[in-house]
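A.B. asks: 3D model of this:
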Amino acid sequence: MSIVLVKIIVFAIIIIIFYLSYFYLNVNVKNIDDVYNESITVPTLQLNGRKRPKQGYIVRNDLLEKNCGDIKNIMVENCLKYLDDNEDDYMISFPTIADVSPPPPCNRDHSPMLFHVFWKGPITDKIALMMKSFLYSQPLECSKLYVWLDNLNDTNFNDNEHIHLLLKYSPSNIEFKEWNIVEQFSSSDIYAGWQNHDHSYKSVALSDLVRFVVLHNYGGIYIDADVLLIRDMRPLYYANFEFSYRWSFKNEYNTAVLRLWKESQSSELVIRGAINNNMNFHPFNIRKYLSTHENSTRRETNKFIYMFPPGLFDPLWLKRDRKQPSSVLSPNLRDLTDVFNPSIIPDEIPGLDPATFDGSPLDIRYIENFFRGAFTYHWHNQWKTKIHPTSWIGVIQTAYDDFLSGKRRNLYNEYIFEQY
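C.D. replies: Residues are numbered from 1 along each chain as shown. From the prediction side, this is the model:
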């Protein structure tokens with residue numbers, strides 16, 4: 001064999017080794033603030049990781065309705081399987097529409113995808129968990145979360161153990177904002193008359209109000225503090241319709257996830273209706289405000305705020321409400337409290353008997369397998385429940401913390417360097 005041929009073979013081997021190293025290590029780091037410590041070890045690839053949605057692609061709500069909407073005949077697990085396996089089917093390129101701009105490129109030169117959450121009182125591990133889910137799941141080059149606090153000036157962020165890890169992302173990705181009802185209601189004439197009603201609300205009623213006001217004034221997606229973001233929301237955010245989702249099996253809205261455009265007709269109808277109804281923003285009143293008669297159908301109100309099936313955002317709710325009692329989910333939980341259970345529950349994995357299983361819950365609980373396909377998970381108001389490390393919520397919290405400290409990748413196989 002000639003020397004030239006040997007050199008060619010050696011060179012080819014080097015090129016192959018280099019290519020494979022690049023492919024498996026994936027050292028193209030997602031930029032957060034352009035300040036990194038490059039001594040960090042690259043986290044290993046997630047073999048069942050997702051791909052980010054294609055730039056400019058949006059959901060087809062007709063196909064989501066077809067595969068998830070009939071809650072009497074379509075089990076939530078089949079809905080989630082469709083969502084997980086068929087993005088190429090229900091996501092399409094943004095159509096050309098007169099006077100409507102397509103989704104902007106995902107970079108810091110364009111307006112970000114804007115999220116909102118409201119919190120009343122001291123910052124706890126629960127509201128921090130929601131913020132971490134935002135950082136873990138959304139494309140940080142083009143996403144921003146407004147955290148509306150009723151006591152911003154009294155909050156000591158540096159001494160709060162739950163928020164300290166997140167401060168490096170403020171204000172580029174997370175911006176803390178003061179909720180001031182007078183300031184927000186002074187921004188438009190549509191709020192006229194609000195002073196004539198009682199507005200000394202408890203936390204839940206106040207958050208019902210806040211979401212419609214901040215979305216009318218700023219636009220974006222409102223997410224309740226007890227909702228975890230699981231998937232990239234861009235295909236929903238940039239779809240050419242506003243949306244919320246169904247209150248379990250009832251023909252009413254659940255506004256725990258709510259997408260409205262700035263100064264939209266929908267938000268104006270709801271705000272005016274609520275002011276005329278003694279400032280009542282409860283979700284069960286939303287359909288009434290969007291219609292000229294009380295017995296409005298979903299078809300009528302969907303023209304304003306599209307009501308998605310519950311499985312997309314709240315996959316356990318129908319089973320918990322005994323409307324799909326035989327549903328076999330993944331994880332196969334039974335009640336909304338099960339995500340906080342530190343022990344394995346019966347039938348959590350079909351065929352696995354907790355009484356004979358001698359391993360740890362951590363051996364079977366992985367964030368990658370948590371309701372794959374769903375866009376969010378709503379855990380419903382368990383504010384005082386302790387987070388145990390071996391519970392599903394504990395596993396998820398650990399994954400978030402490891403990602404934010406540069407120790408692991410997220411579901412999209414992205415990782416970040418420790419900034420300091």
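A.B. asks: Give me the below-cutoff pLDDT ranges for the stretch 251-400 of the chain.
C.D. replies: Within the stretch 251-400 of the chain, not a single segment meets pLDDT under 70.
A.B. asks: could you redo the last one with a cut-off of 80?
C.D. replies: Where the stretch 251-400 of the chain drops to pLDDT under 80, the residues are 292-296.
A.B. asks: So which residues of it form strands?
C.D. replies: Per DSSP state E, counting those that start in this stretch, the stretch 251-400 of the chain carries strands over the ranges 253-260, 305-308, 376-378.
A.B. asks: Can you add mean neighbour count and give these back as TSV?
C.D. replies: Quick note: C-beta positions are derived from backbone N, CA and C, even for glycine. As requested, those are exported to TSV (neighbours: other C-beta atoms under 10 Å):
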stretch	mean neighbour count
strand 253-260	24
strand 305-308	24
strand 376-378	22
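A.B. asks: In CSV: these, plus distance to residue 340.
C.D. replies: Converted to CSV, these look like this (distance: least, C-beta to C-beta, whole Å):
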stretch, distance to residue 340
strand 253-260, 18
strand 305-308, 26
strand 376-378, 13
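A.B. asks: Nearest to residue 214 among these would be which one?
C.D. replies: strand 253-260 (9.4 Å; C-beta to C-beta).
A.B. asks: how far out from the middle of the chain is that closest one?
C.D. replies: Mean-position distance between strand 253-260 and its chain equals 12 Å (C-alpha atoms, centre = their mean, to the nearest Å).
A.B. asks: Residue 241 is nearest to which of the strands of the stretch 251-400 of the chain?
C.D. replies: It's strand 305-308; of the strands of the stretch 251-400 of the chain, that one is closest to residue 241 (C-beta to C-beta) at 5.0 Å.
A.B. asks: what are the pairing partners of the closest one, and which direction each?
C.D. replies: strand 242-246 (parallel) (DSSP bridges).
A.B. asks: So what angle separates the directions of the partner strand and strand 253-260?
C.D. replies: 160 degrees (axes from the mean of the first three to the mean of the last three C-alpha atoms, to 10 degrees).
A.B. asks: if we can go back for a sec, quick one, which of the strands of the stretch 251-400 of the chain gets closest to residue 294.
C.D. replies: Nearest to residue 294, of the strands of the stretch 251-400 of the chain and by C-beta to C-beta, is strand 253-260 at 15.0 Å.
A.B. asks: and the closest one, what other elements does it pack with?
C.D. replies: If you count contacts as 3 or more C-beta pairs under 8 Å, 6 or more residues apart in numbering; DSSP states H and E, strand 253-260 packs onto helix 203-218, strand 220-223, strand 242-246, helix 286-289, strand 305-308, strand 376-378.
A.B. asks: Can I get the ones you listed in JSON lines including distance to residue 344?
C.D. replies: Conversion of those to JSON lines gives the following (distance: least, C-beta to C-beta, whole Å):
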{"stretch": "helix 203-218", "distance to residue 344": "32"}
{"stretch": "strand 220-223", "distance to residue 344": "29"}
{"stretch": "strand 242-246", "distance to residue 344": "30"}
{"stretch": "helix 286-289", "distance to residue 344": "39"}
{"stretch": "strand 305-308", "distance to residue 344": "32"}
{"stretch": "strand 376-378", "distance to residue 344": "19"}
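A.B. asks: between the strands of the stretch 251-400 of the chain, which gets nearest to residue 138?
C.D. replies: Closest among the strands of the stretch 251-400 of the chain, using C-beta to C-beta: strand 376-378, at 11.5 Å.
A.B. asks: by contact count, what packs against the closest one?
C.D. replies: Against strand 376-378 (3+ C-beta pairs under 8 Å, 6+ apart) you get strand 227-229, strand 253-260.
A.B. asks: Name the residues that touch it?
C.D. replies: Applying C-beta atoms under 8 Å, 6 or more residues apart in numbering, the contact partners of strand 376-378 are 223-224, 226-231, 254, 256-257, 312-317, 339, 370-371.
A.B. asks: could you redo the last one with a cut-off of 6 Å?
C.D. replies: 227, 228, 229, 230, 256, 257, 313, 314, 371 (C-beta atoms under 6 Å, 6 or more residues apart in numbering).
A.B. asks: Over to stretch 408-416?
C.D. replies: 30, 32, 43, 45, 46, 49, 50, 52, 136, 402, 403, 406.
A.B. asks: Who wins on neighbours among these?
C.D. replies: Top of these by neighbour number is residue 136, holding 24 neighbours under the definition other C-beta atoms under 10 Å.
A.B. asks: From residue 370, how far out is residue 348?
C.D. replies: Using C-beta to C-beta, to the nearest Å, residue 348 is found at 12 Å from residue 370.
A.B. asks: Kindly report the same for residue 339.
C.D. replies: According to C-beta to C-beta, residue 339 and residue 370 sit 9 Å apart.
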